[in-house]
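Generate coordinates for the sequence data below:
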Amino acid sequence: MNNKEKFYHKYLDLPFEIEKPPIDFTVKPEWDNIDLNFKYRNKDIESWFSSLGLTCGKYEVFYTPPHGSVPIHADDYNKKLEKPDNHVKVNISFGPDEATTRWWKSDKTFFVKDATKECLSRLTLCANEEDSTMVYEANTNFPSLINAGELHSTYNPTDQGRWTLCFVPCLRGKTVAPSMALNIFDKFLIN
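Numbers count the residues shown, from 1 in each chain. Have a look, this model is predicted:
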């Protein structure tokens with residue numbers, strides 16, 4: 001695969017199953033982000049990452065409520081480079097097949113300053129849907145390599161909740177860029 005190829009999403013053929021993490025799966029009316037802070041660890045993911053020369057830098061869960069979404073955002077803005085930290089995540093969602101992750105383009109972005117316990121001063125690049133154009137959409141109920149440095153959101157048109165478990169692969173303490181990820185994960189990519 002061409003390592004310069006731009007991508008938003010690729011399915012992964014993993015040599016193991018990823019089970020639901022031990023979190024509260026109560027359906028709530030608002031979206032949520034839960035940083036698991038290594039309270040939960042997946043030995044299969046850690047072993048697989050290690051076999052690829054990687055470590056798992058972060059475990060987190062995103063929740064998308066029924067008939068709701070997680071707003072359009074790009075993960076982890078790099079203040080020094082003045083752009084989103086262009087990196088991948090390995091995701092798997094638990095919920096309805098109709099729920100998806102969407103990627104967007106927008107000329108009208110803005111910043112939101114996170115004020116959570118885990119991250120007191122992180123800037124997040126965001127956009128409003130009415131100022132954006134959707135460029136790609138995928139269901140992530142199957143293990144997926146996603147480009148988290150591009151504007152993305154979630155969409156859930158059903159009466160059920162959707163939980164997405166995320167693993168952030170790191171190489172020598174830094175997140176993995178999408179072009180590098182295509183090479184590292186090449187033999188596990190389905191599409």
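
From here on, just use CA atoms for contacts and neighbour counts.
OK.

what mean pLDDT would you report for the single longest helix found in the chain?
Determined from DSSP state H, the single longest helix within the chain is helix 43-51. Averaged across helix 43-51, the pLDDT comes to 97.

Around residue 101, count how many other residues there are.
Residue 101: 21 surrounding residues under other C-alpha atoms under 10 Å.

now do residue 36
17.

pretty sure it is touching residue 57, no?
No. Look at residue 36 against residue 57 with C-alpha atoms under 8 Å: they stay out of range, at 11.3 Å.

Pass me the low-pLDDT residue ranges in this structure, would you?
The chain contains residues with pLDDT under 70 at 1-5, 77-84, 114-122, 191.

Could you export the longest helix of the chain as PDB, CA atoms only?
Extracted C-alpha coordinates of helix 43-51, given in PDB (Å, rounded to 0.1, in the frame of the first residue of the first chain):
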ATOM      1  CA  LYS A  43      -3.500  -7.600  27.200                       C
ATOM      2  CA  ASP A  44      -4.300  -8.800  23.600                       C
ATOM      3  CA  ILE A  45      -4.000  -5.200  22.200                       C
ATOM      4  CA  GLU A  46      -0.900  -4.500  24.300                       C
ATOM      5  CA  SER A  47       0.700  -7.800  23.100                       C
ATOM      6  CA  TRP A  48      -0.300  -7.100  19.500                       C
ATOM      7  CA  PHE A  49       1.000  -3.500  19.600                       C
ATOM      8  CA  SER A  50       4.200  -4.800  21.100                       C
ATOM      9  CA  SER A  51       4.700  -7.300  18.300                       C
END
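
In that helix, which residues are buried?
Neighbour counts over helix 43-51 (16 or more other C-alpha atoms under 10 Å) mark 45-46, 48-49 as buried.

what packs against it?
strand 55-64 (3 or more C-alpha pairs under 8 Å, 6 or more residues apart in numbering; DSSP states H and E).

List the neighbouring strands of the strand it packs on plus their orientation.
strand 32-35 (antiparallel), strand 162-171 (antiparallel) (DSSP bridges).

quick one: residue 183 is in a strand?
No. Counting by DSSP: H, G, I helix; E, B strand; the rest coil, residue 183 is not part of a strand but helix.

Relative to residue 176, how far out is it?
Per C-alpha to C-alpha, to the nearest Å, residue 183 is found 11 Å from residue 176.

same thing with residue 142?
In terms of C-alpha to C-alpha, residue 142 sits 21 Å off from residue 176.

Comparing these two, which residue is more hemmed in?
Looking at residue 142 and residue 176 with other C-alpha under 10 Å, you find the greater number of neighbours at residue 176, namely 22 against 17.

Who are the contact partners of that one?
86-88, 169-170 (C-alpha atoms under 8 Å, 6 or more residues apart in numbering).

let's see 6 Å
87, 170 (C-alpha atoms under 6 Å, 6 or more residues apart in numbering).
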